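J.: my questions are about this predicted structure, shown below with the sequence.
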Amino acid sequence: MTGQPGKSDSASFQSGELLPLSFYAVSALEAAPRLLGQVLVRETAEGTIRCRIVETESYGGIEDKGSHAYGGRRTARTEIMFGEGGAAYIYLIYGMYHCLNVVTGPPDDPQAVLIRAVEPLTPGDEALMRARRGSRARRPVDLSGGPGKLCRALEIDKSLNGALLHRSDSPLRLEAGWPGPGRAPAAAPGGEAAPPPAVIAAPRINIAYAAEYADLPWRFYYRDNPYVSVIDKERGVPY
DNA sequence: TTCGGGATTATCT
DNA sequence: GATAATCCCGAAC
């Protein structure tokens, strides 16, 4: 473990396999950059949608003034964050949009990672997402670049709150991705895998109320990825 | 292309 | 009663 959580000693997993429960047994600050590149799987009536996570935000525990669990606030809404890592925490924001989070850490230590942007893996996945976004989804960022938008595209609402992301029978789960950009495994058999895209760390979005926690670089995204919601050219730094 | 304001309701004070 | 981990559309430049 180094001073830069998640940068070192991150385990690699077999592409396409479910991420094991142990993947979630770390702090949100460690998990947030590690979640980049992993694959979110959503089962809908129309079919299975797979998409790669390309932007995340860490909400780390009771001392983080940006977190719903700040000060240990344990309510019906935040209850799932107080459970074991591996569950989905989903809430309604501004009366009309849902946000998806991945709970991390041990029980009674409320931490979560907000999923802010995803990209479809295949044209088939994109078509299923586009069907829910309609004509609004002109550019990639309009399809699923933003926490509310990706929940719309993936038909995610509070009925999925508490879904266990490590279980194969869950309608919402997480599989190991593959390193490198693109929409297919980068390495040919016996070939060398492409290096993963560069990661940028930048301040989180729309949490001015979080005071001294508002400017911490706890948002992570792939540089140059067209699905990322906000490119921070001023404060974004290589991770 | 950028900017400003309205939408809409669960949640907490 | 006020607020919110946001999005969308129309107006203006």
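T.: It's in.

J.: the closest residue to A:G71 other than its chain neighbours - how many residues pack around it?
T.: Excluding the flanking residues, the one nearest A:G71 by C-beta to C-beta, 6 or more residues apart in numbering is A:I62, at 5.9 Å. Any C-beta I mention is one placed from the backbone N, CA and C, and that applies to glycine too. A:I62: 14 surrounding residues under other C-beta atoms under 10 Å.

J.: cool, A:R167 as well?
T.: 13.

J.: and it, what does it touch?
T.: A:18, A:173 (C-beta atoms under 8 Å, 6 or more residues apart in numbering).

J.: quick one on the thing from earlier: wait, isn't the residue nearest to A:G71 in contact with A:P110?
T.: Yes - A:I62 is in contact with A:P110 according to C-beta atoms under 8 Å; the separation is 6.5 Å.

J.: quick check: neighbours shared by these two?
T.: A:69, A:72.

J.: buried residues in the host helix or strand of A:E43?
T.: Assessed by DSSP states H and E, A:E43 sits inside strand A:39-44. By 16 or more other C-beta atoms under 10 Å, the buried positions in strand A:39-44 come out as A:39-42.

J.: partner strands of that strand, with direction?
T.: strand A:47-60 (antiparallel), strand A:172-175 (antiparallel) (DSSP bridges).

J.: ok, back up a step: sec struct for the residue nearest to A:G71, please.
T.: Judged by DSSP: H, G, I helix; E, B strand; the rest coil, the three-state class of A:I62 is coil.

J.: so for DNA strand B, which of the strands paired with strand A:39-44 sits nearest?
T.: strand A:47-60 (14.4 Å; C-beta to the nearest atom of the strand).

J.: how about the closest one and DNA strand C, touching?
T.: Yes - residues of strand A:47-60 contacting DNA strand C under C-beta under 7 Å from any atom of the strand: A:57, A:59.

J.: surely A:M81 forms part of a helix?
T.: Yes - under three-state DSSP, A:M81 sits within a helix.

J.: one step back: what sits against the residue nearest to A:G71?
T.: Counted by C-beta under 8 Å, 6+ apart, A:I62 has contacts A:69-72, A:110.

J.: could you do A:I93 as well?
T.: A:99, A:147-148.

J.: redo those residues as a markdown table? Include distance to DNA strand C.
T.: What follows is the contacts of A:I93, written out as a markdown table (distance: C-beta to the nearest atom of the strand, whole Å):
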| residue | distance to DNA strand C |
| --- | --- |
| A:C99 | 5 |
| A:P147 | 5 |
| A:G148 | 3 |
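
J.: now intersect the residues you listed with the strands, please.
T.: Using DSSP state E to define strands, the subset of those located there is A:C99.

J.: how many neighbouring residues does the closest residue to A:I90 other than its chain neighbours have?
T.: In this structure, A:I90 finds its nearest non-sequential neighbour in A:N161, 4.3 Å apart by C-beta to C-beta, 6+ apart. Neighbour count for A:N161, taken as other C-beta under 10 Å: 19.

J.: isn't A:N161 up against A:G83?
T.: No - in this structure A:N161 lies outside contact range of A:G83 using C-beta under 8 Å: 11.2 Å.
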